[in-house]
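>>> sharing a sequence plus its predicted fold:
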Amino acid sequence: MKSIVFLGVLASVVFAFPAGQKKQFKIDVKKSKSNSDMTHSSRVVSYLVKETQTAYNHGSGYYGQIGIGTPPQYFNVVFDTGSADLWVISSNCKNAVCKSHNASFDAQRSVTFKEESVYTQIEYGSGSVYGLLGRDNIQLGNTATLNFTNQAVINILSLSQDFVGSPFQGIFGLGLPRITSGDYDPPLVSMVLQGILDEPVFAIYTQHSAGEIDFGGIDRSRFLGEVTYVSLIDRGYWMIQLESAQFQETVFTARKAIVDSGSTLIIMPKKDAEAYHQRIKGAFKNGDGTWSFPCKNVKSLQPLTLRTTTATLYLPAETLFLTPMQTNGQTCLSGVAGQNVDTWVLGDVFLKQFYTVFDVGRRQIGFAVAKPDVSMTDPNYAKVLQ
């Protein structure tokens, strides 16, 4: 019922702003280079469990800066469409993983912090975080351009080993209300209900090493043509229905897919991933759900085509791999992995190809072909295709 009430309120909020008042904000994000991929709660779908893979050049999400508290304390957080909680490492966390990070939130230094005396644990496919729930003011970016108040923040007291040494100190969930870990509004809902956005939308533009998130509107300079929208089929995850997907001669029908900025790869059920990689000469399993194949074979492959009732999305084969393994420079990590899941997960490999609009008010996701930005491109990808 919480999601239904929220959506009803949105209908009255969309047009509530004074004419001419601009409430849009752009935040720059960087690609994390940690060895472990951030994975999500198994409440609905079990995400990719990444073991340490030091031979692979891949990240675990895109992070940017936010401020928490008054005066604001600044942290790098992953902006994650696959979860809905906001958490940050607490200064009271004393385990070795927390100490491996260079910043932590000191609630006693914030005059606006309110402790709620509720302990919360969030389970991930590769570990968990545990902390104390509180509320405080949030600032996006390192200026006072975009602020909202009284946001639920989990102050983390214990982190699993998977987060050791990561360049971020928290996660900023951009999911919908039904998947929060407690009875509180996620950050996205708070921003909309407090009227700080011009429209109840945000958009993600990412390339190999960096990107941007637009809150409250879209940036037409970042894409080609028009945005094509696909309706959501879930009230918690940014999930869409795929009528079909095709790679080479293999066709998959009636697949559900979650668009997830916190995952690196495209994740499929094991049988689907097996069928997919059978079409790539020399492909082999790595033993952790991921696959690899000879880089030279990329040139002969056709695009992966995803079809919905309103859109057809093409992912060229040369975008469906990660940079070569450091062992020999001739073997590439596939951008598709297999796990014990029922739902496809469209991670960063997918998102890099599109300017993706997350429309909360109309419960839809929009896709447009992203314009490349050479300043955010990894030259190693081009070398593979030469």
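That came in fine, so what should we check first? Residues are numbered from 1 along each chain as shown.

>>> so I138, which state does it fall into?
strand (DSSP: H, G, I helix; E, B strand; the rest coil).

>>> neighbours of the closest residue to it other than its chain neighbours, just the number please.
Spatially, and ignoring its direct neighbours in sequence, I138 is nearest to Q151 (4.8 Å; C-beta to C-beta, 6 or more residues apart in numbering). Just so you know, the C-beta spots here come from the backbone N, C-alpha and C atoms, and that holds for glycine as well. The tally of other residues near Q151 (other C-beta atoms under 10 Å) stands at 20.

>>> just the buried residues of the helix or strand where Q151 lies, please?
Q151 belongs to strand 146-159 when assigned by DSSP states H and E. Residues of strand 146-159 classed as buried: L146, N147, F148, Q151, A152, V153, I154, N155, I156, L157, S158, L159 (neighbour count, 16 or more other C-beta atoms under 10 Å).

>>> which residue would you name as the spatial centre of this structure?
S261 (1.7 Å; C-alpha atoms, centre = their mean).

>>> doesn't F79 make contact with that one?
Yes. With contact defined as C-beta atoms under 8 Å, S261 and F79 form a contacting pair (6.2 Å).

>>> need the overlap of contacts for these two.
Common contacts of S261 and F79 (C-beta atoms under 8 Å, 6 or more residues apart in numbering): G61, Y62, L174, I204.

>>> which residues does the last one form a beta bridge with?
Read that as I204. Legend: beta-bridge partners of I204 under DSSP bridges are I213, T356.

>>> and it, how many neighbours does it have?
25.

>>> which ones among the shared contacts of S261 and F79 are found in strands?
In strands, judged by DSSP state E, the following of the shared contacts of S261 and F79 are found: Y62, I204.

>>> ok, the shared contacts of S261 and F79 vs L197, which is closest?
L174 (12.6 Å; C-beta to C-beta).

>>> pLDDT at the closest residue in space to that closest one that isn't next to it in sequence, what is it?
Spatial nearest neighbour of L174, excluding adjacent residues (C-beta to C-beta, 6+ apart): T81 at 4.6 Å. pLDDT, the model's per-residue confidence, is 95 for T81.

>>> also R43?
For R43, the predicted pLDDT is 30.

>>> how about the one 4 residues further on?
The predicted local confidence for Y47 comes out at a pLDDT of 28.

>>> cool, and G347?
G347 carries a pLDDT score of 94 in this model.

>>> run a quick neighbour tally on it.
G347: 26 neighbours (other C-beta under 10 Å).

>>> my read: it touches S263, true?
Yes. Checked against C-beta under 8 Å, the pair G347 and S263 is within contact range at 3.3 Å.

>>> between the helix or strand R135 falls within and strand 146-159, how many degrees?
Using DSSP H and E, R135 sits within strand 127-140. Angle of strand 127-140 versus strand 146-159, following axes from the mean of the first three to the mean of the last three C-alpha atoms, to 10 degrees, is 160 degrees.

>>> in the chain, what spans have low per-residue confidence?
Where the chain drops to pLDDT under 70, the residues are 1-22, 32-60, 124-127, 142-144, 323-328, 374-386.

>>> ranges for the helices of it?
2-13, 96-99, 187-193, 270-277, 348-351, 379-384 (DSSP state H).

>>> just the CA atoms of stretch 139-153, as PDB, please.
Extracted C-alpha coordinates of stretch 139-153, given in PDB (Å, rounded to 0.1, in the frame of the first residue of the first chain):
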ATOM      1  CA  GLN A 139      23.100  17.500   0.100                       C
ATOM      2  CA  LEU A 140      23.800  16.300  -3.400                       C
ATOM      3  CA  GLY A 141      27.200  17.300  -4.700                       C
ATOM      4  CA  ASN A 142      29.700  19.500  -2.800                       C
ATOM      5  CA  THR A 143      27.700  22.700  -3.000                       C
ATOM      6  CA  ALA A 144      24.300  23.600  -1.500                       C
ATOM      7  CA  THR A 145      22.600  23.300  -4.900                       C
ATOM      8  CA  LEU A 146      20.300  20.400  -4.000                       C
ATOM      9  CA  ASN A 147      19.200  19.600  -0.400                       C
ATOM     10  CA  PHE A 148      16.500  17.600   1.200                       C
ATOM     11  CA  THR A 149      15.800  17.000   4.900                       C
ATOM     12  CA  ASN A 150      14.900  14.300   7.400                       C
ATOM     13  CA  GLN A 151      16.100  11.500   5.300                       C
ATOM     14  CA  ALA A 152      16.500   8.000   6.700                       C
ATOM     15  CA  VAL A 153      20.200   7.100   6.800                       C
END
